[in-house]
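>>> model the following, please.
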Amino acid sequence: MDVPTVTVLKMKEEKVIKMSDEEFYKHMEENILTEHGEFRCVKEIFCCDGFHMSVQCSKGHYCSPRETLPFKSYSAFEVGFPSKKEDLIMKYVEDESIPTKTVYGGVPLDTILKVIDKHGGIKVKE
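The predicted structure follows:
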């Protein structure tokens, strides 16, 4: 009987970050894509199980306060375009008929951290 050959490709080692408030703020600060005047855009968050979502906060986003401030100043954020429907944030959805193609306004930090933890933490390349 022939034994099948399996090829294993080694990927870059990744680590899982279970989010505390401080780790979340640090991650946001380290992942700013653009900052122009009162508008700021942060890279999308990718979780270890493949789930991903945009989390934003600045004067141009549905966050609280609705100003461009240091990340620690926010109690709620705009989540957008999650890779799949996520029940933990559905009560904040702008258009429930298209849960992966819309934004979620005023999502509290503790809810965002629960979503991240539910999906295994943030995937970070080392």
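>>> the closest residue to residue 92 other than its chain neighbours: helix or strand, and which one exactly?
Residue nearest to residue 92 in three dimensions, not counting chain neighbours: residue 104, with 4.0 Å by C-beta to C-beta, 6 or more residues apart in numbering. Every residue, glycine included, has its C-beta placed from N, CA and C. Per DSSP states H and E, residue 104 falls inside strand 103-108.
>>> for the helix or strand following that strand, buried residues please.
Downstream of strand 103-108, the first helix or strand assigned by DSSP H and E is helix 109-118. Under the neighbour-count criterion of 16 or more other C-beta atoms under 10 Å, helix 109-118 has 109, 111-113, 115-116 buried.
>>> what of stretch 40-47?
Neighbour-count burial for stretch 40-47 [16+ other C-beta under 10 Å]: 40-42, 44-47.
>>> tell me where the chain has helices.
With DSSP state H as the criterion, the chain has helices at 21-30, 109-118.
>>> residues in contact with the last one?
With C-beta atoms under 8 Å, 6 or more residues apart in numbering as the test, helix 109-118 has contacts from 18-21, 24, 45, 47, 51, 53, 55, 74-77, 79, 86, 88-89, 92, 122.
>>> please redo it, this time with the cut-off set to 6 Å
18-19, 86, 88, 122 (C-beta atoms under 6 Å, 6 or more residues apart in numbering).
>>> tell me the bridge partners for the nearest residue to residue 103 once chain neighbours are set aside.
Closest residue to residue 103 apart from its sequence neighbours, by C-beta to C-beta, 6+ apart: residue 80 at 4.3 Å. Per DSSP bridges, the residues bridged to residue 80 are residue 54, residue 103.
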